[in-house]
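Enquirer: Sequence first, predicted coordinates after that:
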Amino acid sequence: MSWIVRMIVVLPALAALIGLLARRRRAVAAGVAVSVSAYVAVLGLIQWVAPSRSADIDTIGGLPLGDLSVPLHLLSDRVSGLVSFVVALVVLGIQVFTVWYLRDDARYGQFAATVSLFATGMLLLVQSGDLVLMLVGWEIMGWCSWLLIGHDSERAAARRAAYKAFLVTRVADIGMVVGIVALSVRARSTDLMAVLTATGDGTLLTVGLVGVVIGVAGKSGLVPFHDWLPDAMEGPTPASALIHAATMVAAGTYVIARLFTLYAENDTARTLLAVLAAVTMVYAALLALAQTDLKRMLAYSTLSQIAIMLSALAAAPAELGPGAGISHLLGHAFFKALLFLGAGWLSVLAGGTAIVALRGRLRPTGALRWSMGIGLAALAGVPPLVGFFTKDTVIDAALEGATGGGGLRAWLVVVALFVTVVLTAAYCTRAWLLLDTPVAATGELPDTAPAVVAEEDVAVVTTADSADDAEVERVHAHGHATITLSAALVVSVLAALTVVGTLFLASLRGGVHVGLLSALLSLLLLAGGAYAVWFLSDRGRVDVAERIPGRVREPAVRGFGVDTAYVAVGRAVTTVARLVVALDRDVVDAYPRGTAVVARAAGRAGERGHRGVPSLSLLSLLVGVVLVAVLGVTAWR
Amino acid sequence: MIHLSLPAALAALLAGLGVYGVLARRNAVLVLIGVELILNAANLLLVTAGSRPGAPLSAGPVITLFVITIAAAEITVALAIILVMFRRTGHIDLTAVPDLSDEPEPAGEGAP
Amino acid sequence: MTTRDIVFVAVGAVTALSALLSVTTKHVVHAALWLLVSLGSLAGAYLVLGQELVGLVQLLVYVGAIVVLVLFALMLTRAPIGPHAEIDTPRWQRVAGAVLGGATTALLASLLLPLFAGATADLDRPSTTTPQIAQAIFGTWVWPFELLSVLLLVALVGAFAVSRIVLQRDGADRHDADHPDHPDHHDSHDDGDRTAATTAVTSEPGTGRVG
Amino acid sequence: MSGLPPWLEVVVRAVAVLAAFLVLPLLVGQTEHKVMAHMQGRLGPMYAGGFHGWAQLVADGVKFVQKEDITPAKADRWAFRLAPFVALIPYLMALAVIPLSPTVVGADVDASVVLVLAVIGVGVIGTLMAGWASANKYSLLGAMRAAAQLVSYELPMVLAVASVALAAGSLSLVSIAEAWKPWWLLWQLPGAIVFLVAALAELQRPPFDMPLADSEIVFGAFTEYTGLRFAFFLLAEYAGIVVMSLLFAVLYLGGWSGPFEQWLGWLWTLLKGFLVAVVVIWLRVSWPRMREDQLQRLAWVWLVPIALLQLALTAVGVVMTS
């Protein structure tokens, strides 16, 4: 058993190494990546269903750090088993899909190897029973996300997005590191069990938990760190699927779930988390409604969904445990992977991801149409798909928290959740209507789409442009390739999992817990939101987003200029750094340099003084010497 | 048998001539000649003093040898400096106001 | 007056006379040659005083090396043939020098002559022979001796370094001399003007000034 | 000789030294003529004097005496005229203190090694004077070259001699030669080689004849000299060969040690010195002239370190054997 857990972590790392060595041989790279991820998925399944539940597993031995105990243990229990299985499954699907999707990419080998390494990071984080190992996995993912987003490194936009993602998450990671250090210091150990059971300084605990929340906010894209995630769409679609579905952005949820017993007792950190999550979920859902690009819309929906997971952890009562958050994590993993891979497929067919280009392209595609429909329905929370169950588990948990003395924090979360349900339903419906309504239908009613709006729409599209430019170029260069059976199968299997995924969650404590009242309420809200969109969009003939005034919509597409704010923050930091440098150089260093200047000036002055004519100087010198000697001799006599 | 006031008088004379040489010359090498004369006066005085009966530690001749060595070192460095001066200014005239700036000057040969 | 006294007076007269000539002659190189004579006869004076080793070392180092170096330096600094007025300082300074020299001599003589009055050295049994000097140097005086070797090394390196620096600057100057349009980067004003003029000329190929 | 009155002894010794000074260089010169000629497959001078041209150099001398003594108009007259003597006299003094045997010596001085080295060092001043006073660029160049060369090579030479003096524990040539043992041939071999090379350079003999280099600077410092003064320079050169050869024989070859050294010691010294002189001539025939930079490199990179090593080796040997 313990070997299985170790292999789950080590094998993807080996696959990454081999893949990197064999990157020139496409078949080898693909074979290694797919077969190893399949093997890891099987191992994950075994770990999940295996009878022995909890195990503390040794790895490379502890680090000798004096008083601080760093055992570097892995911790295997039913949660980690399930999560690692789902992660491995999603990774397997993505690897298979990538073989087809990047069929013409010269750097496929590197991409597949990076995906394997990324999986290593996530699996290490999932399996780790030690904060240090957790941080290692966390940072591996951060680095790999930089590599994956910047995969098309010849494009400036991709490079910028990669750096943006890296820098934003790095900044937030400061909080993560501070938090981990604080928690470790408090427990005098980095072992998860020790940290959870330690009793001690409350301030340190608060600092540690708040720090971790900040780190999580960075990686999971909570406000104000959210803006890197939509930009990360510059990466190839499988990379987006990987980052959004089960790994990086969800990792924060998992970390907080692992530390849930600590959070349950700390109001400060939980309130912060609740506020961030509530704001993010509503804000991101609103922005998703306005997007002109399918992938960007999905990205904002991810932000919203991640916030939902975290809100469960922020609002659920202590006795309920973190099950609700984990369960939404897993459900989201299925349908978001499905949606992204479907979007990737669709973009290959349509030659772009801009909604203008995709309008009505879904209708004639058969299996893809079904899959996307299932995915969007699950995202909106239509029963009996997995999204319905997990989301309502979260709502129920939050309601229980609110009624069970959670106070304002829990109510805030509950309200935000219901608003989000409406908005999610709205943007899902909008997306479906836009994708599925035949284009000819819009042409029949030109007068309902005023010319002004159309112009604005064009303007918006050209400014935001397609997120995955590389895909457009690829399609232009190689034409529309038919999908391979295996890739199509991946999408279909994910769709199937989205339907039956609830079964996985049954084994999770508190995994599925739907309250009748809340379920009915959310269904009503869902139907209302969907109907409103259907009505406003004139049965899908018009983009509902065009009803939004252009001067609101255009900044909304751009994320309300948060990017500019980031740049401003960067500038401010640089300015402060320059100021410090200037202070150091012009104020602190001025004294030493001043001494040099003074010494030089003194030297110059002395030089002036020495500019005598040598022979005259010699004369006066000798006159002096002789005079002194004469005086001395006379005195001596 | 020799009267030691004779070499002492010669030493005094040489020192005086050396002083005159140092002051009467503007050519740097010739000034050095005056310096050498003064040094030799000192040497002669040392030898003279060392020749007195009962002079301890053989100090006279030994220190004279030392002074000769030091003179050799001194003349080497001094001539090096004089050659530097010649290359920089094109003359070794000590009555000219010296230029002590850090920047190199154009070679003196080209100057009018 | 013993025989040695007479010999010493003769040798000393040569020494003093050649020293006088070496500081007064108008011929640059002759001054060095008179110095040679003076130092050589001083070596003779040391022999008369019974200090054989000192005399020989004087001959070896002063005459064989130092005067050669002085001559070498004079020739490198373009010593002219024939009398040369410009090797002497102005007349008043020379007068002052003469007065000071005389004062020095008088001062020293007034001190030394009474000190050495009547003192004699019995040189038939010399008190310091070469082995004794050797033993003194490597016994009593060994530390000053070692220090002296360090001094010699420092002087050697110093002389080398001094001449080396100038050689490099020389190289830079020569490099500049190859490009008369850019004579010296320190002379920026002039340089700028010339550069501007050059560009003006080259930028107007049609005016006929160039072609 | 000890039976003579002091003044007569001085006169006899002076005359003997002068005679040797006049005869030995001629002998070396004649040897050079003939040895060089035979090495180059020629006969050499064959007519003057009858037997194999033995009187050739005498005839040369007569010719030099007859020539006009020219002093260039722009020359520094006195320095120009005195230069040959300044070059010549040091070798005369050196020859006076070099012993042929313990008894056959011009003047037995205590520190005769230092004296020889000191006066040989003075010789360069003659060349310098000649070069500078000629008012001729080639002469000046030659003089500069000579000065640089002689100052450089004096150091290894002094060091090599110091090594021998250290081995013998004396500064007197007589004592050094008497302390000499045959195995010194091996012990002092590096020093001997250094001394020989440095001596060649001091004499400005090929391959170290850059100061004269007739293909580059006409005849160096001696370009403007004619007649007897030129002959004196030539005489100084051959006297230099004699002095250096005898010095080498005394310092490194044991001088007069050989069969019947009581009676024939002076002959052994002369023979050994003559052998060395032949080697010097041989080197002139067989080696091309070096370049100026090679010259300095040889002195400072090879000879000085070797001489210092020899000094250390000698010190070790002295400490071991004492």
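Expert: Done, it's in.

Enquirer: and the stretch 101-250 of chain D, which of its residues are near chain C?
Expert: D:109-111, D:114-115, D:117-119, D:121-122, D:124-125, D:128-129, D:132-133, D:135, D:140, D:143-144, D:147-148, D:150-151, D:154, D:158, D:171 (Cβ under 8 Å from any Cβ of the partner chain). (Glycine included, C-beta is placed from N, CA and C.)

Enquirer: Low-confidence stretches in the chain?
Expert: Picking chain A for this. A:1, A:51-53, A:439-481, A:610 (pLDDT under 70).

Enquirer: Chain B is the one I meant
Expert: B:55-58, B:98-112.

Enquirer: which stretches of it form strands?
Expert: Using DSSP state E, the strands of chain B run over B:2-3.

Enquirer: Now do the contacts for the closest residue to D:A59 other than its chain neighbours.
Expert: Among residues not flanking D:A59 along the chain, D:A48 sits closest, at 4.5 Å (Cβ to Cβ, 6 or more residues apart in numbering or on different chains). Applying Cβ atoms under 8 Å, 6 or more residues apart in numbering or on different chains to D:A48 gives the contacts D:W54, D:A55, D:Q56, D:V58, D:A59.

Enquirer: Quick check: phi and psi on D:A48?
Expert: Main-chain torsions, D:A48, degrees, to the nearest 10: phi -60, psi 120.

Enquirer: and the gap between it and D:W54?
Expert: Here D:A48 is placed at a distance of 7 Å from D:W54 (Cβ to Cβ, to the nearest Å).

Enquirer: for C:V63, same thing?
Expert: Taking Cβ to Cβ, one finds C:V63 at 39 Å from D:W54.

Enquirer: Assign D:K74 to helix, strand or coil.
Expert: Under the three-state scheme (DSSP: H, G, I helix; E, B strand; the rest coil), D:K74 adopts coil.

Enquirer: Format the contacts of D:A48 as JSON lines; extra columns: neighbour count and secondary structure.
Expert: Formatted as JSON lines, the contacts of D:A48 follow (neighbours: other Cβ atoms under 10 Å in any protein chain shown; DSSP: H, G, I helix; E, B strand; the rest coil):
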{"residue": "D:W54", "neighbour count": "15", "secondary structure": "coil"}
{"residue": "D:A55", "neighbour count": "18", "secondary structure": "coil"}
{"residue": "D:Q56", "neighbour count": "20", "secondary structure": "helix"}
{"residue": "D:V58", "neighbour count": "13", "secondary structure": "helix"}
{"residue": "D:A59", "neighbour count": "14", "secondary structure": "helix"}
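
Enquirer: and which of those is nearest chain A?
Expert: Nearest to chain A, judged by Cβ to the nearest Cβ, of those is D:V58 at 56.3 Å.

Enquirer: Tell me if I'm right that the closest one and D:G49 touch.
Expert: Yes. With contact defined as Cβ atoms under 8 Å, D:V58 reaches D:G49; the gap is 7.4 Å.

Enquirer: tell me the contacts of the residue of the stretch 1-150 of chain D found nearest chain A?
Expert: Residue nearest to chain A within the stretch 1-150 of chain D: D:W132 (25.5 Å; Cβ to the nearest Cβ). Counting by Cβ under 8 Å, 6+ apart, D:W132 touches C:V29, C:L71, C:M75, C:A79, C:I81, D:D76, D:A79, D:S139, D:L140, D:A143.

Enquirer: Mind doing that once more with 6 Å?
Expert: Counting by Cβ atoms under 6 Å, 6 or more residues apart in numbering or on different chains, D:W132 makes contact with C:V29, C:M75, D:A143.

Enquirer: Assign it to helix, strand or coil.
Expert: Assignment for D:W132 (three-state DSSP): helix.

Enquirer: Quick check: pLDDT value at it.
Expert: Looking at D:W132, its pLDDT reads 83.

Enquirer: Could you do the one 10 residues further on as well?
Expert: Residue-level confidence at D:G142 comes out at 86, pLDDT.

Enquirer: Need the CA coordinates for stretch D:264-278. PDB is fine.
Expert: Coordinates of each C-alpha in stretch D:264-278 appear next as PDB, following Å, rounded to 0.1, in the frame of the first residue of the first chain:
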ATOM      1  CA  LEU D 264     105.000  24.200 -14.600                       C
ATOM      2  CA  GLY D 265     102.000  25.700 -12.900                       C
ATOM      3  CA  TRP D 266     102.000  28.900 -14.900                       C
ATOM      4  CA  LEU D 267     102.100  26.800 -18.100                       C
ATOM      5  CA  TRP D 268      99.000  24.800 -17.100                       C
ATOM      6  CA  THR D 269      97.100  28.000 -16.400                       C
ATOM      7  CA  LEU D 270      98.100  29.500 -19.800                       C
ATOM      8  CA  LEU D 271      97.200  26.300 -21.600                       C
ATOM      9  CA  LYS D 272      93.800  26.000 -19.900                       C
ATOM     10  CA  GLY D 273      93.200  29.700 -20.600                       C
ATOM     11  CA  PHE D 274      94.200  29.200 -24.200                       C
ATOM     12  CA  LEU D 275      91.800  26.300 -24.500                       C
ATOM     13  CA  VAL D 276      89.000  28.500 -23.300                       C
ATOM     14  CA  ALA D 277      90.000  31.200 -25.700                       C
ATOM     15  CA  VAL D 278      89.800  28.600 -28.500                       C
END
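
Enquirer: For chain D, which element, helix or strand, carries the lowest mean pLDDT?
Expert: helix D:214-217 (a mean of 78; mean pLDDT, DSSP states H and E).

Enquirer: What residues sit buried inside that helix?
Expert: Buried residues in helix D:214-217, defined by neighbour count with 16 or more other Cβ atoms under 10 Å in any protein chain shown: D:I217.

Enquirer: Next, report how far it is displaced from the centre of its chain.
Expert: Here helix D:214-217 is found 23 Å from its chain centre; the criterion is Cα atoms, centre = their mean, to the nearest Å.

Enquirer: what comes into contact with it?
Expert: With Cβ under 6 Å, 6+ apart as the criterion, helix D:214-217 contacts D:Y138, D:L141, D:G142.

Enquirer: how does it look with 8 Å?
Expert: By Cβ under 8 Å, 6+ apart, helix D:214-217 touches D:Y138, D:L141, D:G142, D:R145, D:M210, D:T223.
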